[in-house]
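Colleague: okay, sequence plus prediction incoming.
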Amino acid sequence: MKEPSEPRELKGNLPGLLIVEDEKNTRDGLRRALDDKYEVYLAPDTQSAWNVLETEPIDLLLTDLRLGTESGMDLLAKAQSLPKPPVSILMTAYGSVDNAVEAMRRGAYDYVTKPLHLDKLEMLLARALRSTRVEAENVRLKQALDKKFGVERILGNSPVMQQILEKIQQVAPARASVLIEGESGTGKELAAQALHGLSPRKSRPMVTVHCAALSPQLLESELFGHEKGSFTGATERRIGRFEEANHGTLFLDEIGEIDAATQVKLLRAIGERTIQRVGGNQTLEVDVRLIAATNKNLESMVAAGTFREDLYFRLNVVKIVMPPLRQRKEDIPLLLAAFLKEFSKENEKRVLSVTPSAREAILSYDWPGNVRELRMAVEHGVVLARGESIDLHDLPERVFMPRDLPPGSGSPDAPGLNLNLEAMEKKWIVQALKICQGNRTEAARMLGISRRTLHRKINEYRLENF
């Protein structure tokens, strides 16, 4: 075909092959031999090769070991950093076991020596291409089996969760942007994954960006990519998440954290379906289904002038609100059973249930961290459990401590509490007896006092009915 500096001439759906060879006669000979089966790109050095790898859909990389003063080994290693690395084959006149092992370590599929036998090379290229397609299909099938209908990982039989699952299934096939709201830990990312898994784009990538984790400059580069030299540290061209998610789904988590300048560029990308890399002038078309999530109230942010109203309406074509766990406590037993199974297997333990007192504490707790906090609490319990059941004291302290005291305060007259000592002590005892369902031995152990002391306090505060 052509050197990379010339315009690309499309040849149907032929796989892309990049040949990196510093000898022009060898390059041209390989081009003529392979041009009928592949869309061939040529490069004389590693920099030219990298420019092609970043901008063209290359399926196969065939590179010489010696490229003047450069090494094809370095190119092999660098190619593995791409979102979709090509299948790489190294060719060299310096055949040795050491070179072959090193080539495999750098990510090569195979290794051939010069002079090349074209028939054998064609067979090797075909086998390499076939293997990567089989691997990609296996990955796709495994992902499909893991996700199945896309909503199986979102656990909940409560009416509110059933409505959400129905809405996800209804909305998933559309291209419309979706805004997922909810407190931290409610499962917003699982909802986004279900929307992608049930969509026609499920065979394409779902790319996630955690907006709060990046500074404004880094976020812009992360979303749109950048050109070499566009800012300090930009030593290479980099494609952004929009390009990576092309024909797939882009999930922007914590969308309420993005700055005003990035909001403007994001609005343009959504409206015009085009982007420009940072420091670049080329306009690139992108076909991306956008899903955004936030634990903030974007309407309030719009009213306060910290979030653009036009961007809000672009994102909020369909809204899904994930409820906090305290509003769907009937789902806790289902979640509890699933997490017990997961962490028992992970920790190679046989923990099948929770004791009545532990269950009462779990159901009484408000779970400010929602499903994520419950999951971590069950993991904590499984790790500490001595038998087949999680006991009360196997749970994190905050789950079973009285709500009016901070965990670890150690005494009812901790600083900052306005209740008098007797009222606070009585409250502790009542709560402990409720959680332990009247079991005084267990309640005394929970409170850190002897059973005799507890019995005396029960008589003192006239709590004999517990």
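Modeller: Structure's in. What do you need?
Colleague: and Leu90, which helix or strand is it part of?
Modeller: Secondary-structure assignment from DSSP states H and E places Leu90 in strand 87-92.
Colleague: check Glu342 too.
Modeller: Going by DSSP H and E, Glu342 is part of helix 332-346.
Colleague: and that helix, what does it pack against?
Modeller: Contact analysis of helix 332-346 by 3 or more CB pairs under 8 Å, 6 or more residues apart in numbering; DSSP states H and E lists strand 353-354, helix 356-364, helix 370-384 as its packing neighbours. In this view, the C-beta of every residue, glycine as well, is placed from N, C-alpha and C.
Colleague: I figured Leu198 hits Lys167, correct?
Modeller: No: with contact defined as CB atoms under 8 Å, Leu198 does not count as touching Lys167 (11.4 Å).
Colleague: which one's more surrounded, the two?
Modeller: More crowded of Leu198 and Lys167, by other CB atoms under 10 Å: Leu198, with 20 against 17.
Colleague: ok so, going back, among the helices and strands packed on helix 332-346, which comes closest to Tyr111?
Modeller: Across those, Tyr111 has its closest neighbour in helix 370-384 (45.2 Å, CB to CB).
Colleague: what packs against the strand holding Leu90?
Modeller: Looks like strand 87-92 contacts strand 60-64, helix 72-79, helix 97-105, strand 108-113, helix 118-147 (3+ CB pairs under 8 Å, 6+ apart).
Colleague: how far off strand 60-64 does that strand point, in degrees?
Modeller: Following axes from the mean of the first three to the mean of the last three CA atoms, to 10 degrees, one obtains 20 degrees for the angle between strand 87-92 and strand 60-64.
Colleague: buried sites along strand 87-92?
Modeller: Within strand 87-92, the residues scored as buried using 16 or more other CB atoms under 10 Å are 87-92.
Colleague: and the contacts of that strand?
Modeller: In this structure, residues lying in contact with strand 87-92 by CB atoms under 8 Å, 6 or more residues apart in numbering are 21, 59-66, 72-73, 76, 79, 99, 103, 107-114, 116, 124-125, 128-129, 131-132.
Colleague: in a markdown table, list the helices and strands packed on helix 332-346 along with distance to His210, mean pLDDT and mean neighbour count.
Modeller: Converted to a markdown table, those look like this (distance: least, CB to CB, whole Å; pLDDT from 0 to 100; neighbours: other CB atoms under 10 Å):
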| stretch | distance to His210 | mean pLDDT | mean neighbour count |
| --- | --- | --- | --- |
| strand 353-354 | 33 | 92 | 20 |
| helix 356-364 | 29 | 89 | 19 |
| helix 370-384 | 15 | 96 | 20 |
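Colleague: out of the ones you listed, nearest to Met322?
Modeller: Here helix 370-384 is closest among the helices and strands packed on helix 332-346 (CB to CB), at 8.5 Å.
Colleague: tilt between that closest one and helix 356-364?
Modeller: Going by the same axes, to 10 degrees, helix 370-384 makes 160 degrees with helix 356-364.
Colleague: re the thing from before, could I get the strand holding Leu90 in CSV with only the CA atoms?
Modeller: In CSV, the C-alpha atoms belonging to strand 87-92 read as follows (Å, rounded to 0.1, in the frame of the first residue of the first chain):
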residue,chain,number,x,y,z
VAL,A,87,-0.8,-9.1,17.2
SER,A,88,3.0,-8.7,16.8
ILE,A,89,5.5,-10.8,14.9
LEU,A,90,9.3,-10.1,15.0
MET,A,91,11.5,-10.8,12.0
THR,A,92,15.3,-10.8,12.2
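Colleague: just how off-centre is it within its chain?
Modeller: 32 Å (CA atoms, centre = their mean, to the nearest Å).
Colleague: neighbouring strands - and their directions - for it?
Modeller: Applying DSSP bridges, strand 87-92 is found paired with strand 60-64 (parallel), strand 108-113 (parallel).
Colleague: for Leu284, which of those strands is the nearest?
Modeller: Nearest of these (CB to CB): strand 60-64, 23.1 Å.
Colleague: list the pairing partners of the helix or strand that the closest one is followed by within its sheet, with orientation.
Modeller: Downstream of strand 60-64, the next assigned helix or strand under DSSP H and E is strand 66-67. Strand 66-67 has the following strand partners under DSSP bridges: strand 70-71 (antiparallel).
Colleague: where does the stretch 301-450 of the chain dip in pLDDT?
Modeller: Low-confidence segments of the stretch 301-450 of the chain (pLDDT under 70): 402-421.
Colleague: Val160 contacts Pro323, correct?
Modeller: Yes: under the criterion of CB under 8 Å, Val160 makes contact with Pro323 at 5.2 Å.
Colleague: more neighbours: which of these two?
Modeller: Pro323 (19 against 14).
Colleague: so which helix or strand takes in Leu42?
Modeller: Counting by DSSP H and E, Leu42 is part of strand 39-43.
Colleague: quick one: residues in contact with the helix or strand just after that strand.
Modeller: Reading on from strand 39-43 to the C-terminus, the next helix or strand found by DSSP H and E is helix 46-55. With contact meaning CB under 8 Å, 6+ apart, helix 46-55 is reached by 3-5, 18, 20, 41, 43, 58, 61, 63, 67, 70-72, 74-75, 78-79, 82, 86, 236-239.
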